[in-house]
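S.K.: no letters, just coordinates:
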């Protein structure tokens, strides 16, 4: 399992208490263990803190707000995902707006990715389907 140094653990503890609204909403659902999957929130991983982490499936879930598309954030996210992948963990990035507008679809998508039913990224498919449209 991924672990982080004390400095990352301390940062994770601070972030644990200061989650964004999309992270809080997603955590409310992930803590219910959808499909029996156990997630941790604000999990230290080397120099990084993962928004959510499922150790059993070696899957990190990152909630990306608007800032992830600005400045050097896209390059930093690519480097972060590469480091996490080199550690044997896949990263599934979820836009914050999808969490706010289609939480049920996001949960279904995360479960499908975790269970190997979907690849991590399907750009042509667009956002997860609305509730009730499987």
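M.R.: Yep, that arrived. For clarity, every value in this text was computed on a predicted model and none was experimentally measured.
S.K.: which residues sit against stretch 52-69?
M.R.: Residues outside stretch 52-69 that contact it (Cβ atoms under 8 Å, 6 or more residues apart in numbering) are 1-2, 20, 22-23, 26-27, 30, 37-41, 43, 45, 50-51, 73-74, 77, 84, 88-96, 99, 110, 113-115. C-betas here are computed from N, CA, C, even on glycine.
S.K.: flag every buried residue along that stretch.
M.R.: By 16 or more other Cβ atoms under 10 Å, the buried positions in stretch 52-69 come out as 52-54, 57-65, 68.
S.K.: and residue 20, how many neighbours?
M.R.: Other residues near residue 20 come to 14 when the count uses other Cβ atoms under 10 Å.
S.K.: and it, how close does it get to residue 99?
M.R.: Distance from residue 20 to residue 99, counting by Cβ to Cβ, to the nearest Å: 9 Å.
S.K.: what does residue 115 give?
M.R.: Applying Cβ to Cβ to residue 115 and residue 99 gives a distance of 20 Å.
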